[in-house]
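Participant: Fold the following, please.
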Amino acid sequence: MIYSMTGFGKSQKEAQELQIRVEVKTLNSKFTDLFCRLPKSISAREIEIRNFLTQQLERGKIELNVQIQKNHEGGKSVFYLRGKSPYIMLN
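Facilitator: Presented below is the predicted three-dimensional model:
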């Protein structure tokens, strides 16, 4: 559980087939207010991502921005938010 409510984090990961960029911004707030900006390829998993963030962050205004680009055409790709759950498979 993370207790600080104001912060910014950014990460980028390049795999063989994907380039993934994730930004998280948080501001102090009494309640949890979550805004997710996701690509269409993972928008069906938004509820799982929101539940994951809600479990990890206690409260505050939270903005998540995820960008995924395929480097070249290939098979299916999988990436994990944390450990092995929840995972997201891209076609």
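Participant: average pLDDT for the helix or strand containing Val24?
Facilitator: Following DSSP states H and E, one finds Val24 within strand 18-27. Strand 18-27 shows a mean pLDDT of 90.
Participant: So which elements touch that strand?
Facilitator: strand 7-14, strand 60-70, strand 77-80 (3 or more CB pairs under 8 Å, 6 or more residues apart in numbering; DSSP states H and E). Glycine gets a C-beta too; all of them are placed from N, C-alpha and C.
Participant: try it again with 10 Å
Facilitator: Other helices and strands packing on strand 18-27, by 3 or more CB pairs under 10 Å, 6 or more residues apart in numbering; DSSP states H and E, are strand 7-14, strand 32-37, helix 46-56, strand 60-70, strand 77-80, strand 87-90.
Participant: Provide the strand pairings for that strand, with the direction of each partner.
Facilitator: strand 7-14 (antiparallel), strand 60-70 (antiparallel) (DSSP bridges).
Participant: now the longest one: mean pLDDT?
Facilitator: This means strand 60-70. Rounded mean pLDDT across strand 60-70 is 90.
Participant: Could you tell me the angle between it and helix 46-56?
Facilitator: With axes from the mean of the first three to the mean of the last three CA atoms, to 10 degrees defining the directions, strand 60-70 sits at 130 degrees from helix 46-56.
Participant: The shortest one too?
Facilitator: Here the directions of strand 7-14 and helix 46-56 differ by 130 degrees (the same axes, to 10 degrees).
Participant: Please tabulate the helices and strands packed on strand 18-27 in TSV, including the columns distance to Ile20 and mean neighbour count.
Facilitator: Listed next are these as TSV, based on distance: least, CB to CB, whole Å; neighbours: other CB atoms under 10 Å:
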stretch	distance to Ile20	mean neighbour count
strand 7-14	5	10
strand 32-37	14	14
helix 46-56	13	14
strand 60-70	5	16
strand 77-80	6	13
strand 87-90	10	15
